[in-house]
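Q: generate coordinates for the sequence data below:
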Amino acid sequence: MVKDYQKEARGLIEGKVLFDVPMRKYTSLKVGGPAECLLFPKNMKELRKVVLHARKKRIPLFILGKGTNLIVRDGGMSGWVVSLTQGMKSIQMDGECVEAEAGCLLQQLVRFSVQKGLAGLEPFFGIPGTVGGGLAMNAGAWGVEMKDVVHSVTLMKENGEVLERSRSKLRFSYRSLTLPSSSIILKGSFHLKKGRREESLERVKSFSELRKKTQPLDYPSAGSIFKNPEEGPAGKWIDEIGLKGFSIGQAMISDRHANFIINLGKASAEDILRLIEWMERKVYEEKGISLEREVKVVGE
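A: Down below sits the predicted model:
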């Protein structure tokens with residue numbers, strides 16, 4: 001079956017296709033076993049070709065963003081992993097609306113809007129993911145979420161059909177966007193407002209400095225491990241029970257921000273997952289709070 005998946009991908013698209021590639025190279029935590037097949041479609045036409053072929057041959061399909069909110073298990077991933085980061089990353093402007101393809105980095109989108117004198121996206125500057133990933137998880141920072149600025153989202157269904165959904169027809173919730181099964185985010189349109197470039201640059205600088213002070217940016221991480229429960233910030237409860245600096249193998253709870261796990265250099269996905277389970281258990285035992293994971297875990 002492994003060879004079949006790889007054989008089916010050969011020559012399918014002009015974009016790059018890699019085989020048995022370690023997913024640690026494509027995740028911000030730097031962990032993860034090999035993906036049988038990693039495809040980089042050049043455009044929407046090639047993506048449709050991949051989607052339709054996978055559906056016809058019943059090949060498992062996983063859409064990879066920037067790998068910043070993801071833990072891939074050490075056994076790797078079967079089927080096809082598809083990245084839009086090398087082909088679908090254009091940005092266009094129409095008045096006070098900016099449209100960005102799913103593979104575009106959020107950092108690039110913020111820079112573009114600021115340079116064009118549009119305000120509203122500055123809080124997202126430090127989030128290292130893609131537009132598609134940011135929309136899929138309703139990314140947020142400093143009190144602003146993607147749902148607050150998005151105008152519409154364009155999707156591709158598993159039959160290759162493309163449709164656009166306006167904000168009023170999108171079901172956002174905390175760190176989540178509910179979408180039809182097997183649909184893929186192609187691009188997002190964001191309604192912004194005119195601003196002063198100097199003021200926007202100052203806001204970006206301020207958010208960046210605050211992030212550097214409060215987050216462990218000098219080590220590989222996946223961002224926040226847990227969603228904030230109703231009782232308050234997840235990091236607060238993890239910190240209060242004294243887990244900062246606790247480690248399993250090469251995976252350690254950051255001593256700067258307790259809701260971050262950092263890779264000290266050679267952590268395995270198993271180290272990280274065992275540490276996550278330990279955090280969940282200890283917080284529940286000592287605080288009576290059930291933590292819900294923000295990171296997505298995939299693979300064998």
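Q: name the SS class of the spatially most central residue of the chain, please.
A: Ranked by distance to the mean C-alpha position of the chain (C-alpha atoms, centre = their mean), the top residue is G133 at 4.1 Å. Assigned state for G133: helix (three-state reduction, DSSP: H, G, I helix; E, B strand; the rest coil).
Q: quick check: it touching T68?
A: Yes: with contacts defined as C-beta atoms under 8 Å, G133 counts as touching T68 at a distance of 7.0 Å. The way it works is simple: take the backbone N, C-alpha and C, and place the C-beta from them, glycine included.
Q: what residues are up against E231?
A: Listed by C-beta atoms under 8 Å, 6 or more residues apart in numbering, the contact partners of E231 are 237, 287, 289.
Q: how far away is the residue found closest to S173 once you drop the neighbours it is linked to in the chain from Y5?
A: With sequence-adjacent residues excluded and distances taken as C-beta to C-beta, 6 or more residues apart in numbering, S173 is closest to N138, at 7.0 Å. When distance is defined by C-beta to C-beta, to the nearest Å, N138 is 32 Å away from Y5.
Q: now do the helices in the stretch 101-250 of the chain.
A: Remark: helices of the stretch 101-250 of the chain, listed N- to C-terminal, are 106-115, 131-136, 197-214, 234-240; assignment by DSSP state H, counting those that start in this stretch.
Q: list the contacts of the second one.
A: The list of residues contacting helix 131-136 from outside it, by C-beta under 8 Å, 6+ apart, reads 63, 65-66, 68-69, 84, 100-106, 109, 124, 127, 139, 146, 150, 153, 177, 179, 184-188.
Q: let's see 7 Å
A: Helix 131-136 is contacted from outside by 65-66, 68-69, 84, 100-104, 106, 109, 124, 127, 146, 150, 153, 177, 185, 188, using C-beta atoms under 7 Å, 6 or more residues apart in numbering.
Q: over to stretch 14-32?
A: Stretch 14-32 is touched from outside by 6, 9, 33-42, 46, 64, 67-68, 70-72, 76-77, 86-87, 128, 220-222, 263, 267-269, 272, 299, with contacts defined as C-beta under 7 Å, 6+ apart.
Q: so which of the residues you listed belong to strands?
A: Within the contacts of stretch 14-32, residues falling in strands by DSSP state E are 34-39, 64, 70-72, 77, 263.
Q: from the residues you listed, which two are the most distant?
A: Greatest spatial distance among the ones in strands among the contacts of stretch 14-32 (C-beta to C-beta): L39 and N263, at 26.1 Å.
Q: can I get stretch 132-143 as CSV, trimmed to CA atoms?
A: Once side chains and other backbone atoms are set aside, the C-alpha atoms of stretch 132-143 remain, and they are given as CSV (Å, rounded to 0.1, in the frame of the first residue of the first chain):
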residue,chain,number,x,y,z
GLY,A,132,-5.4,28.7,5.9
GLY,A,133,-4.2,27.4,9.3
GLY,A,134,-5.1,30.6,11.1
LEU,A,135,-8.7,30.5,9.7
ALA,A,136,-9.1,26.8,10.4
MET,A,137,-8.3,27.3,14.1
ASN,A,138,-9.7,30.8,14.4
ALA,A,139,-6.3,32.0,15.6
GLY,A,140,-6.2,34.8,18.0
ALA,A,141,-3.9,37.1,20.0
TRP,A,142,-4.2,40.1,22.2
GLY,A,143,-8.0,39.9,22.3
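Q: circling back: now the residue nearest to the centre of the chain: how far from L177?
A: Taken as C-beta to C-beta, the spacing of G133 relative to L177 amounts to 11 Å.
Q: and for G265?
A: Between G265 and L177 the distance, using C-beta to C-beta, works out to 34 Å.
Q: pick out whichever of these two has more residues nearby.
A: Comparing G265 with L177 by neighbour count (other C-beta atoms under 10 Å), the higher total belongs to L177, at 19 against 9.
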